[in-house]
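**Student:** Quick check, what structure comes out for this input:
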Amino acid sequence: MNEKERSGISIQVSLSGYSFAVDDEGRSFVSGWLGSDRIFTTPEFQRRYDEVNISLFTPKCALVPSHFFSPESARASLSEVVRLRDTDAVEYKEIPGLGAVLVYSNSIDESLSRVISQTVLTTEGKQVPVYPEMYYLLCSLDKCSDYNKIIVSYRDGYLYLVIAQGKSLLLCNVYEAVDFTTAEYFIFLALKKLQLNPEISTVSLHTPVSGDEEMSLYRYFKSVESI
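**Tutor:** Residues are numbered from 1 along each chain as shown. A predicted model of the protein is given here:
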């Protein structure tokens, strides 16, 4: 008898709502973006899963090489690249495969991620931590089979971009982009500086996008995929 396949749900939370993807017994479902008013009527949130991942679109994040990082310096390291309020909580998460630590703050004046983390539990009834969207982009590098790895998330006026070649991380950054066209500009600017050719590269989307936005990327890239 085949071992029962593990069930999992990945939830992305932004200031304007949430989306989720479910893998259960070999079946997959992606919700697209939903308003926060639907959280208590979403049937997929009424059950438990073997694996639960919850990400928050916070632009307050920075990747620090492990040998330069210490827990005592976390706030100072993050404040060098983003504006922090005195009340902002600062946390960090090690990324072992990259030899780096992601320093971040989930203090972006929202409560939806906390409500979801208290609602959607693991099979054992455990509550999982909420990590920044950038953490999951970095973890997704191994899912990209191409040598040039370009992973993108876009939501609420911010572009989250990770670029690598093979095992080497070349870029990890957040850009303020008022619309998707501006987000594309930052993607191509980064590729130009890194001397990467989009025509022979695949761009991997970590967030749902509209059909028009996806087709716009197809004009420039060899392929567009969702991960």
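**Student:** and the helix or strand bottoming out on mean pLDDT in the chain, how far from the chain's centre?
**Tutor:** Ranking every helix and strand in the chain by mean pLDDT, DSSP states H and E puts strand 27-30 at the bottom, with a mean of 86. Taking the mean of its C-alpha atoms, strand 27-30 sits 18 Å from the chain's own mean (Cα atoms, centre = their mean, to the nearest Å).
**Student:** Please name the residues that touch the closest residue to residue 190 other than its chain neighbours.
**Tutor:** Closest residue in space to residue 190, ignoring its immediate chain neighbours: residue 171 at 5.7 Å, by Cβ to Cβ, 6 or more residues apart in numbering. For the C-beta atoms, the positions are set from N, CA and C on the backbone; glycine is no exception. Counting by Cβ atoms under 8 Å, 6 or more residues apart in numbering, residue 171 touches 161-163, 190, 194.
**Student:** could you redo the last one with a cut-off of 10 Å?
**Tutor:** Counting by Cβ atoms under 10 Å, 6 or more residues apart in numbering, residue 171 touches 63, 150, 161-164, 190-191, 193-194, 196.
**Student:** how much space is there between the residue most central in space within the chain and residue 40?
**Tutor:** Centroid check for the chain by Cα atoms, centre = their mean gives residue 133 as the closest residue, at 2.8 Å. Look at residue 133 and residue 40: by Cβ to Cβ, to the nearest Å, they are 23 Å apart.
**Student:** go on, residue 94?
**Tutor:** 34 Å.
**Student:** Quick one: the strands in the protein, in order.
**Tutor:** Using DSSP state E, the strands assigned to the chain run over residues 8-14, 17-24, 27-30, 51-56, 61-65, 91-95, 100-104, 130-132, 148-155, 158-165, 168-176, 202-205, 223-226.
**Student:** chain center to the fourth one: distance?
**Tutor:** With Cα atoms, centre = their mean as the basis, the distance from the averaged C-alpha position of strand 51-56 to the chain average is 10 Å.
**Student:** Remind me what that strand packs against, helices and strands.
**Tutor:** Contacts defined by 3 or more Cβ pairs under 10 Å, 6 or more residues apart in numbering; DSSP states H and E place strand 51-56 against strand 8-14, strand 17-24, helix 112-119, strand 130-132, helix 133-139.
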